[in-house]
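**Q** Everything below, folded, please.
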Amino acid sequence: MLNAKLLKLPIAAHQHRHEHHQIVIGVRGEAELSVGGTGAHLDTWKACVVPTEASHDYSGDDQNHVLVINLDPLTPAINTPAHADYERMMRFFEKPRTLQMDSRLQGLVQFTAGEFDRAPDNLTLQQHLASSILYCMADRIVDRQVQSSSRASISPEVIRRYILANLHRKITVEEMASEACLSVSRFHEVFRELAGITPHQFLLQTRLEQAAHLLASSSLSVSEISYRTGFSSQSALTNALRKYKGTTPSRLQINESVA
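**A** Sure thing, here's the model as predicted:
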């Protein structure tokens, strides 16, 4: 099912392939790997994923030690419905990749290497520690994919069109999040990252831009424009324009009539 070992890579490069997935994790020193023709530099903060059948070679310096974790993707013991997280874990091996470990993961790897040295014959302990590393790495990869997918699912322009289509009424952040098929907290986080402002600020900005456009290009009354752009009253629109745009409805109307 899964096995792991702490070893030193040879100084001379050695090319091969195998029928199991493999992760090579830097523990001490440095090493060079090439997986599927793509090179990777391995140190104590990096790990390299080698999917099954991927041709690869490697070489290390005099000080190098690596932790190698092997996983057979066809082992019946894990390829069963009883392991609901199997598919999630297998996404980790979709392609060769080099991982930059964070401090927590790097600490777990160093702890594991120490336990391998301390108890070289305790295979059960080694297997559990290697499994922990595997799942922690896989979880980080899937989380990044989900975050990337969340960013791709949000378009500020799509949200802007939704706001404009419903501008006359109250619009909540919950509605905008629903339009992007995200939770409110996730929508708020991703939208701010993409647009540079919060969803609420974007909503207010869109209302003000549309109000300013109508004031400068139509003969509608300020009261009517306030209603059409979702402000509770004429004074609410006036106060918002003064606060956020440094102008007033009358100034915008005068500028249009002068033009």
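**Q** how about low-confidence regions in the stretch 151-259 of the chain?
**A** 151-153, 255-259 (pLDDT under 70).
**Q** Please repeat the previous calculation with a cut-off of 90.
**A** Where the stretch 151-259 of the chain drops to pLDDT under 90, the residues are 151-158, 160, 177-197, 219, 244-245, 250-259.
**Q** Ok, the stretch 1-150 of the chain next?
**A** In the stretch 1-150 of the chain, residues with pLDDT under 90: 1-3, 6-22, 29-46, 48-65, 70-105, 131, 134-150.
**Q** Mind jotting down where the strands sit in it?
**A** For the stretch 1-150 of the chain, the strands defined by DSSP state E, counting those that start in this stretch cover 2-7, 14-16, 21-28, 31-35, 38-42, 46-50, 56-60, 65-71, 97-100.
**Q** Strand partners (parallel or antiparallel) of the last one?
**A** According to DSSP bridges, strand 97-100 has the following sheet partners: strand 46-50 (antiparallel).
**Q** Alpha carbons only: can I get the partner strand in PDB?
**A** As requested, the backbone C-alpha atoms of strand 46-50 are provided in PDB (Å, rounded to 0.1, in the frame of the first residue of the first chain):
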ATOM      1  CA  LYS A  46      11.100  21.300  -1.400                       C
ATOM      2  CA  ALA A  47       9.500  18.000  -2.500                       C
ATOM      3  CA  CYS A  48       9.100  16.400  -5.900                       C
ATOM      4  CA  VAL A  49       6.100  14.400  -7.000                       C
ATOM      5  CA  VAL A  50       6.800  11.500  -9.400                       C
END
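**Q** Buried residues, that strand. List them.
**A** Buried residues in strand 46-50, counting neighbours by 16 or more other Cβ atoms under 10 Å, are found at 46-50. C-beta here means a position set from N, CA and C on the backbone, and glycine is covered the same way.
**Q** May I see the strands of the stretch 1-150 of the chain organised as a markdown table, with distance to residue 247 added?
**A** Shown next, in a markdown table, are those (distance: least, Cβ to Cβ, whole Å):
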| stretch | distance to residue 247 |
| --- | --- |
| strand 2-7 | 67 |
| strand 14-16 | 70 |
| strand 21-28 | 60 |
| strand 31-35 | 60 |
| strand 38-42 | 56 |
| strand 46-50 | 55 |
| strand 56-60 | 64 |
| strand 65-71 | 64 |
| strand 97-100 | 49 |
